[in-house]
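1. no sequence on this one, just coordinates:
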């Protein structure tokens with residue numbers, strides 16, 4: 001058995017790409033090595049730092065938040081949807097792109113079945129650091145029509161290795177720091193129909209097209225929570 005770590009390392013970083021006035025992740029020592037011979041820290045962070053799970057409550061007040069989703073929901077078989085042909089700056093992923101990727105899966109005898117988990121792979125993290133604004137501002141993204149195509153397949157969960165909200169063009173925002181003032185059409189289209197989504201995945205290139213995953217978020221009473229996500233290759 002091989003375990004593949006699909007989670008970003010999160011470290012001190014004051015800059016928050018999508019909310020510049022807020023801290024992304026910051027450790028504050030409360031006990032230092034030189035004082036007591038051990039270390040203990042407080043942490044200030046956005047719940048959307050690094051690899052994390054979003055619940056439907058992120059956009060829908062009356063839908064479940066993280067701790068209300070049964071833990072077994074986050075564990076199971078996933079299908080890796082290969083969209084690496086769209087893994088370039090400012091690429092927009094359309095329903096036609098998803099159909100192309102689905103046909104490639106079908107050729108391997110793999111189907112996108114209702115109730116499964118879909119992992120959308122572009123390999124964007126292999127060429128861009130999440131600490132660089134370009135990771136967000138130039139990321140490939142989904143069109144709203146692509147998001148609707150995905151939810152029509154009825155997955156219970158969807159994961160991404162790119163910043164999925166569409167930017168620029170006819171949209172009211174061009175960069176990540178403007179997203180929170182926009183309509184966030186992709187999030188809204190998906191989180192009303194699925195049980196969870198996983199953002200900021202890495203290392204999807206190390207997975208086969210079908211794989212077992214565990215994407216366990218911290219049991220927080222919040223709309224989202226950090227997660228250590230792993231792929232399990234038998």
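-> Yep, it's here. On a predicted model such as this, the values are computed, not experimentally measured, just so you know. Numbers count the residues shown, from 1 in each chain.

2. where along the protein do the strands fall?
-> Secondary structure of the chain (DSSP state E): strands at 2-5, 25-31, 40-45, 52-54, 75-82, 92-93, 117-121, 141-142, 157-160, 196-199, 210-217, 224-233.

3. let me know the pLDDT of the residue sitting nearest the centre point of the chain.
-> Nearest to the geometric centre of the chain sits residue 199, at 1.0 Å (Cα atoms, centre = their mean). If you check residue 199, the pLDDT there is 96.

4. quick one: the helices in the protein?
-> Applying DSSP state H to the chain gives helices spanning 33-36, 95-107, 133-137, 144-152, 185-191.

5. in this protein, which helix or strand is least confident?
-> Least confident helix or strand of the chain, by mean pLDDT, DSSP states H and E, is helix 133-137 with a mean of 82.

6. buried stuff in that one?
-> 133, 135-137 (16 or more other Cβ atoms under 10 Å). The C-beta positions use only the backbone N, C-alpha and C, and glycine is treated the same way.

7. so where's this structure uncertain?
-> In the predicted model of the chain, residues 15-21, 168-182 satisfy pLDDT under 70.

8. hmm, who's touching stretch 55-69?
-> Residues external to stretch 55-69 that are found in contact with it (Cβ atoms under 8 Å, 6 or more residues apart in numbering): 53, 184, 187-188, 191-192, 194-196, 217-225.

9. just the buried subset of these, please.
-> 53, 184, 187, 191, 194-196, 217, 223-225.

10. do you know how far the residue lying farthest from the centre of the chain is from residue 28?
-> In terms of distance from the mean C-alpha position of the chain, residue 35 ranks first, at 39.0 Å (Cα atoms, centre = their mean). Using Cβ to Cβ, to the nearest Å, residue 35 is found at 14 Å from residue 28.

11. what does residue 2 give?
-> In terms of Cβ to Cβ, residue 2 sits 37 Å off from residue 28.
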